[in-house]
Structure formats: C-alpha cells, structure tokens
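Student: the sequence and its predicted three-dimensional model are supplied below.
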Amino acid sequence: MSWLLVYPIVIPLLTAVLTYILRHNPAGRWISVAGTLALLLTSIMLLASVIRDGVIAAQMSDWGAPFGITLVADYLGAVMVVITAITGLATVVYCIGEIPERLERQGFFALLQVLLMGVCGAFVTGDLFNLYVWFEVMLISSFGLLVMGGTREQLDGGVKYVALNLVSTVMFLAGVGILYGITGTLNMADLHLAVREVENTGLLSSVAVMFMVAFGVKAALFPLFFWLPASYHTPPIAVSAIFAGLLTKVGVYALIRVFTLIFDQDVGYTHTLMLWLAVATMVMGVLGAAAMNDFRRILSFHIVSQIGYMVLGLALFTPLGLLGAVFYLVHHIIVKANLFFIAGVAKRIGGSTDLSKLGGLYAHAPVLAFLFLIPAFSLAGFPPLSGFWAKFLVVKAALDAQMWVVAGIALAVGLLTVFSMTKIWGAAFWPDHPEGAKPRLGDIPVFERLAMMLPIGALALLTCVIGLFPEPFVNFAEIAAGQLLDPSDYISTVLGVQP
Amino acid sequence: MQSLILTTATRLLVALLLVFSVYALLRGHNLPGGGFIGGLIGATAFILYAIAASVDEARAALLVDPSNIAVAGLGAAAIGGLASVLAGKPFLTGLWLFLGASEGGKGLPLSTVLIFDTGVYLAVFGGILTLVFALEEET
C-alpha cells in the first residue's frame, strides 16, 4: 500500500502529540513548523505520484474494499491536501507572530495540528462514514480553537458555530444511515455502482438533499450560512484565517465529491436546486459584505459569496463548470487566508478591525497596502490575478450552458465584491487614522513581523504565479474535472486494488 | 445549586458509569461498543460529578488534567496504528497475540487494536472533559 496516503493523517497526529508535550517550551512551536513542513513535502510527493500514476488508493487495516477504510487520492484530493499543507504552514508560521504565550501553553499549536489532520483526512478518505469521522475531528478541534482564550464574545460565536454544525452532522449521519440501508455499502466507489441498482429513486433523491443540507451547512451555502459571519470574527486572526481558508472548502469538496460520484442520477433535480442555491449564496454573501463595517466581517461574508461561485461550477455539471469549481477552490483558499492574515497585521498596528477605527495604513505601511491589493483584486476577479481566471472559467461555463441570468448575476456579484474591497481600502488604507496614530509595520518587533509578513508575501506571490501562468493550473483542473465526471479510474483503483 | 438527591445518586452512578465505560470499551471489538462510546460514557461519569459537586472537585478526583489524557490517548492511538508498520503490514492492521492459547482454547486475545481503541477512549474522554470543564467554569 502507498504510504503517501497515510502521511497526511499520521504526520499531523504525531506533530500534535509532540507539540502538546512541549507546549511549555519554545521548541514546541518549531516542532509544529517542522511537522507542517513535513506534511507539505509529503503532500507534494503525493501529488507528484498522482500525476505520474493516476489515482492511487490504499486499504487500511488490510481489509479489502469495500469493507475496510479506503484512502484514495485523485487529482482533486491530492491538490486539496497540498493546498491544506500550504495554508497550514502559512498559518503556523503566522501564529508564531500572533499567538500569545498563554494560548500556546494551553496547547494551541497541538489543536491546530489536529484540525489539519481532520482536514487532510477528509480529503483522502474514500469512505462516507470515515468522512463523517473526519468532520467530527474538525468540528471538535475547531470549536476548541474558536473558544480558546475564553472571552464572552468568543463563546457566543463558538456556541452558534457548534450548534449549527451539530445539526448538519446529525443530518449527515442520518443520510449515511439511510444510504447504507438502501445500498448496503459506504465505500464511495462502491456506492457509485450500487446507486445504479437502486429502484427507489425517489428515496435516493431525498437522501441526496439530506447530504446537500449537511454539506451545505459546512460550506455555508444559502440559506444555512449565518453561523459563519456570526463566529469567524471572534477568535485570534490566524484561526479565522485557517477556518476561512479550509473549513468551508471541506464542505464544498464534500459536495463536489458526493454529487459527482454518488448522486449523479437525478441531475435535473438535485443540481438545478443546487444551482439556484449557489446563485442565492453569491448574492446574499456579497450584499452582507457590502453592509458590514468590520474588516473581518466583510471578509467573512465574502467567503459565503465566493462559495456560491464554486458550487455554481459544480451545479452546472459540465466539464468546464467543474474545471472552474476546482480552480476556484484552490485559488480561493490561498487568497482568503491571505486577506485574513492582512487583517491581522492591520489590527496589530492599527489597533482594531473596525473600519471606522482604522486608517492611515497606506501612508505609513505601504508594503502592507500593496500586499492587500493583490489578494483583494484577485478576490474581485481583476486580471491578471488568479481570481480573474477562476471567475472567468465559472462565468464562461454558465454562458456555455446558456444560463444567461446566472452568468449575469455572477458578474454583478463580482462588481459588488470590488465595491466592498474598495470600502476596506477607502476606510482602512486611504484616509488618515481617526485618532491620528501612525500605524507602521516597524512597530512590531522584527521577529514577529517576519513571522507575520512572510506567509502574506508567500501567498501573494502564489496568487500572482497562478494568475500570470494559469495554463498548467487550468490543465491540471481540467484533468481533475475529467476524473470527477468520469470516475472509472477512481472506481477501478479503489475496488481493484489488492491490499 | 446543591441537590441532595443528585449528590447521593451520583455517588452510586459515577462508579457504575466508569465500570460500564470500560465494559463498553472491551466489548467493542466484535459487538456494539468501542473506544468512542466508552469514552463518552466515562466522561459522563465525571460530568455528573462536576454538576453534583463542583468542577474543582471533579478535577481533583480526576488527578490528571483532562487535556493531558486526551493527548495521551492520541499518542496511544498513533502507536496502536503504527505498530503494524514494524511488522510490515498496512497502517492500522491489527496484530494479535493469543495469550495462553492451547489446542482447545483460543486463550486471551490481545491486540494492537486494543491499544488503538484505548487511545480513542482516552482521547474522547479527555477531550470531552476538557470542553465541558472549561464551559462549566466559564459560568
């Protein structure tokens, strides 16, 4: 079996244990960095292996598919693991600059690793119940990270977060139970074949909608998104950033996986429903963002709006639509995490994330202002940044499908995105600070400044690289979309592999 | 709030719940049960005690900080899962030792699966208690 599939789970697990043991010692955080670096290296090896050999699978515990737990990576799964590792590394480095020692002693870095383990596990598993377990791992660790520090505001956000996510989890579990009752299997490749034998297609569609609701809550899809803006602005910024980058995207990934591999029977019903949910998500998210007046809250609503584009790509269910969804997924994780990091620096030197209390960043911290422009314009979809290609592909897919209204709305939402980005620019960067303060990057001690600015610079660079050289990335996403639409390779690898 | 009924009942229930949690853990290999549910039942015992007496007393009775227990559990699970690697088997494969096995009897079956399951038990037990104690102390 291939160890490359196990590393994304085992490495964060061991790193978590080690960093927890050493949480009172500065060495702990460096182990955390080293562990995440190892995760990144092995995940790149995984990606290379997938590109070389196609889909790879491994059976845990020596139980052959479909009985045991299968770990499997196709193009989409592998690239998601890589992007998780990149975001994870950026966050861990950033945390060194941001997280106070008090939280570190409570085991902050260990919990972060557990979260990474959950996210990676969700991306490599080929079993529906196992996916549920990884969702639980993520939920518990993210709740811990949300409330760590224990302010009243954090608890308030944390409880909303957990309550709604538990509803989604129950829905997911019920869906898994019914699906198992209908088909007798939970291995996703096996399910792909089994659902074709099911006669009661009405029941199957009902289960599909249950999954849509369950993952929709996780992904913050309309009308189930309101937990996200209610909780994402409360924890330390680095936590917001990794949540914003990864957690909702696991929901989107699960939607993509399940609605291409299992529920592709009644596309006219399920995917059309999803299409309009996606459109509503885009519009509601961006309107919410336009109404907010806090750096982090605006960004939180933008997550919701952008989720709409990704799900739109999936709902169109054309090769180009899925291509766009995959490309959008990767681009968005990088850009969104980066914007939150920048909000963190702005808070550090400007004293707040409230836009009315910020100002003067352009005059006194031009480097930060420049670095803000890259992900902000990328998010809004300006050429030649990565967001332009992502939006272009999704809108093109909508036009090709002759969904004129949908394409028009997607473009209008892009325009409104620019508006709210301008709002941040016009309040935090352009005018003078309301209290006359001069927020300089130099105010942060050198070491911490380096730890905070390094991830921002690296992610901004990545955005530019994707934007300027989109061809290899688009080609990659094209193959990924092809594998999603025709999963024969996935299925033969999972079911044919001898443990 | 002190309730005489709750405090008296808790004294009996805590012991019962703890024994039952270990029973559920050991039963779990072939029958419904296992580390996860065992850990939850075990945590219930201490949560009950924390409500009946106080969080401080529950912490004192636990002796070890619950988050330490949780991480020890993660470590044990990792060891249980990786042990099979030394034997050249895939990750998580169970290695079995039948203690005192003879012609007629199977002996006492011990395995790395048990280490893994105990790890899960401790991780759930410690994780839940960390959360609940933190929430209880907040109010």
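Tutor: Ah, there it is.

Student: element containing residue 32, please.
Tutor: Unless you meant another one, I'm taking chain A. helix A:27-53 (DSSP states H and E).

Student: quick one: strands adjacent to the next helix or strand after that helix?
Tutor: Past helix A:27-53, further along toward the C-terminus, the next helix or strand under DSSP H and E is strand A:56-59. Sheet pairing here is set by DSSP bridges, and for strand A:56-59 it gives strand A:70-73 (antiparallel).

Student: send the alpha carbons of the strand it pairs with over as CSV?
Tutor: Only the C-alpha atoms of strand A:70-73 are listed here, as CSV (Å, rounded to 0.1, in the frame of the first residue of the first chain):
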residue,chain,number,x,y,z
THR,A,70,-10.0,3.1,1.8
LEU,A,71,-7.8,6.1,1.4
VAL,A,72,-7.7,7.4,-2.1
ALA,A,73,-6.3,10.4,-3.9
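
Student: that one - what's its average pLDDT?
Tutor: Strand A:70-73 comes out with an average pLDDT of 90.

Student: what's next to it, contact-wise?
Tutor: With C-beta atoms under 8 Å, 6 or more residues apart in numbering or on different chains as the test, strand A:70-73 has contacts from A:4-6, A:9, A:46, A:50, A:55-60, A:81, A:123-127, A:187, A:189, A:490, A:493-494. Quick note: C-beta positions are derived from backbone N, CA and C, even for glycine.

Student: 6 Å instead, please
Tutor: With contacts defined as C-beta atoms under 6 Å, 6 or more residues apart in numbering or on different chains, strand A:70-73 is touched by A:5, A:46, A:50, A:56-59, A:124, A:126-127, A:494.

Student: which strand or helix spans B:Glu137?
Tutor: Going by DSSP H and E, B:Glu137 is part of helix B:112-138.

Student: where does the prediction get shaky in the chain?
Tutor: In the absence of a named chain, this looks at chain A. A:1, A:497-499 (pLDDT under 70).

Student: the chain in question should be chain B.
Tutor: B:1, B:138-139.

Student: mind listing the helices for it?
Tutor: For chain B, the helices defined by DSSP state H cover B:4-27, B:35-52, B:55-62, B:66-86, B:112-138.

Student: which residues touch the residue nearest in space to the middle of chain B?
Tutor: Nearest to the mean C-alpha position of chain B, by C-alpha atoms, centre = their mean, lies B:Tyr121 at 3.3 Å. When contacts are counted by C-beta under 6 Å, 6+ apart, B:Tyr121 is found next to B:25, B:35, B:38-39.

Student: quick one: residues contacting A:Ala376.
Tutor: Taking C-beta under 6 Å, 6+ apart, one finds A:Met421 in contact with A:Ala376.

Student: what separation is there between it and B:Leu122?
Tutor: 45 Å (C-beta to C-beta, to the nearest Å).

Student: could you do A:Ala220 as well?
Tutor: 33 Å.

Student: A:Gly426 now?
Tutor: 53 Å.

Student: who's more crowded, these two?
Tutor: Taking other C-beta atoms under 10 Å in any protein chain shown, A:Gly426 and B:Leu122 do not tie; B:Leu122 has more neighbours (26 against 12).

Student: near the residue lying closest to that one once chain neighbours are set aside, how many other residues are there?
Tutor: Spatial nearest neighbour of B:Leu122, excluding adjacent residues (C-beta to C-beta, 6 or more residues apart in numbering or on different chains): B:Gly73 at 2.9 Å. Counted with other C-beta under 10 Å, residues neighbouring B:Gly73 total 23.

Student: next: B:Thr7.
Tutor: The number of residues near B:Thr7, taken as other C-beta under 10 Å, comes to 13.

Student: wait, what's in contact with it?
Tutor: Here B:Thr7 is in contact with B:Ala52 (criterion: C-beta under 6 Å, 6+ apart).

Student: how about A:Phe222?
Tutor: Counting by C-beta under 6 Å, 6+ apart, A:Phe222 has contacts A:277, A:280-281, A:284.

Student: for residue 17, which non-adjacent residue is spatially closest?
Tutor: If you meant another chain, say so; for now it's chain A. B:Gly75 (4.5 Å).

Student: please go with chain B instead
Tutor: The shortest distance from B:Leu17 to any non-neighbouring residue, by C-beta to C-beta, 6+ apart, is to B:Ala45 (3.7 Å).

Student: quick check: phi and psi at the residue of chain B positioned farthest from its centre.
Tutor: Distance from the C-alpha centroid of chain B, by C-alpha atoms, centre = their mean, peaks at B:Glu103 (33.8 Å). Dihedral pair for B:Glu103: phi -50, psi -50, per degrees, to the nearest 10.

Student: picking that back up, check which residues of the helix holding B:Glu137 are buried.
Tutor: B:112-134 (16 or more other C-beta atoms under 10 Å in any protein chain shown).

Student: stretch A:284-302 now?
Tutor: So for stretch A:284-302, counting by 16+ other C-beta under 10 Å, buried means A:284-289, A:292, A:294-302.

Student: for stretch A:164-173, same thing?
Tutor: A:164-165, A:168-169, A:171-173.

Student: let me know the closest of these to A:Met212.
Tutor: A:Met171 (9.5 Å; C-beta to C-beta).

Student: thought the closest one was touching A:Phe215?
Tutor: No: counting by C-beta atoms under 6 Å, A:Phe215 is not a contact partner of A:Met171; they are 9.2 Å apart.

Student: overlap in contacts of the two?
Tutor: In contact with both A:Met171 and A:Phe215: no residue, using C-beta under 6 Å, 6+ apart.

Student: show me which residues of chain B sit near chain A.
Tutor: B:67, B:71, B:74-75, B:78, B:89-93 (C-beta under 6 Å from any C-beta of the partner chain).
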